[in-house]
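# requesting a structural model of the entry that follows:
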Amino acid sequence: MLKIGQKAPDFRLSDTNGNEIVLSGLIGRKVVLFFYPKDDTPGCTKEACSFNAGIRKFEKQNIAVFGISPDDMKSHQKFTEKFGLSFPLLSDIGHKVAEKYGAWGKKKLYGREYEGVIRSTFLIDEKGNIEYIFDKVKVDIHADEVLEALKMVNSN
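Numbers count the residues shown, from 1 in each chain. Model prediction:
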């Protein structure tokens, strides 16, 4: 498990438009990475729309927001267009990045156990260190929770 203060694992993933995003290339600005299971499903849609509704607040603070799931670019493009998302979604096909962040593991649904994305969010500081970890996510208000945590870490 990753811990606050630890260096965030670097990665290189393609975004919604096919651009390559490299975490270490974002040094100098804060980054929010939210891992979610699947495009266009009820909980994931609520979470993405929550971030979309608050995106201006993140942008005013020069914070980059990225959603990460195992879905491919085509799926991300449909999801983005359907809901008018104004931040990039990253394709973690093969879930290697989710594994590095501890956002992949055993889950249970209706008594069935399987492996999948563990919904979680990481706030990364300007130096590339983990500043805050959200492992219990309330999808419909999550962006507000992240903004509140930002106030807290910024006041320290």
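# remind me which residues of this protein are low pLDDT?
Across the chain, the ranges flagged by pLDDT under 70 are 156.
# for it, what spans make up the helices?
Along the chain, the segments classed as helices by DSSP state H run 42-53, 55-60, 73-83, 96-100, 142-155.
# quick one: contacts of the last one?
Same thing as helix 142-155. The contact list for helix 142-155 (C-beta atoms under 8 Å, 6 or more residues apart in numbering) reads 30, 32, 34, 47, 50-51, 53-54, 57-58, 61, 63, 121, 123, 125, 131-132, 134, 137-138. Where you see a C-beta, it was placed from the backbone N, CA and C, and this is true even at glycine.
# let's see 7 Å
Outside helix 142-155, the residues that touch it by C-beta atoms under 7 Å, 6 or more residues apart in numbering are 32, 47, 50-51, 53-54, 57, 61, 121, 123, 131-132, 134, 138.
# that one to helix 42-53, inter-axis angle?
Angle of helix 142-155 versus helix 42-53, following axes from the mean of the first three to the mean of the last three C-alpha atoms, to 10 degrees, is 50 degrees.
# what's near enough to touch residue 105?
Contacts of residue 105 by C-beta under 7 Å, 6+ apart are 115, 118.
# quick one: it and residue 118, what's the gap?
Note on residue 105: its distance to residue 118, by C-beta to C-beta, to the nearest Å, is 5 Å.
# quick revisit: write the ChimeraX selection for whichever of the contacts of helix 142-155 are buried.
This is the ChimeraX syntax for the buried subset of the contacts of helix 142-155, where burial follows 16 or more other C-beta atoms under 10 Å:
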select :32,47,50,51,54,121,123,131,132,134
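# which of the contacts of helix 142-155 sit farthest apart?
Using C-beta to C-beta, those span at most 22.4 Å, a distance reached by 53 and 131.
# still on that earlier bit, redo the contacts of helix 142-155 as JSON lines? Include distance to residue 111.
Shown next, in JSON lines, are the contacts of helix 142-155 (distance: C-beta to C-beta, whole Å):
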{"residue": "32", "distance to residue 111": "33"}
{"residue": "47", "distance to residue 111": "25"}
{"residue": "50", "distance to residue 111": "29"}
{"residue": "51", "distance to residue 111": "31"}
{"residue": "53", "distance to residue 111": "34"}
{"residue": "54", "distance to residue 111": "35"}
{"residue": "57", "distance to residue 111": "40"}
{"residue": "61", "distance to residue 111": "43"}
{"residue": "121", "distance to residue 111": "27"}
{"residue": "123", "distance to residue 111": "34"}
{"residue": "131", "distance to residue 111": "37"}
{"residue": "132", "distance to residue 111": "33"}
{"residue": "134", "distance to residue 111": "27"}
{"residue": "138", "distance to residue 111": "24"}
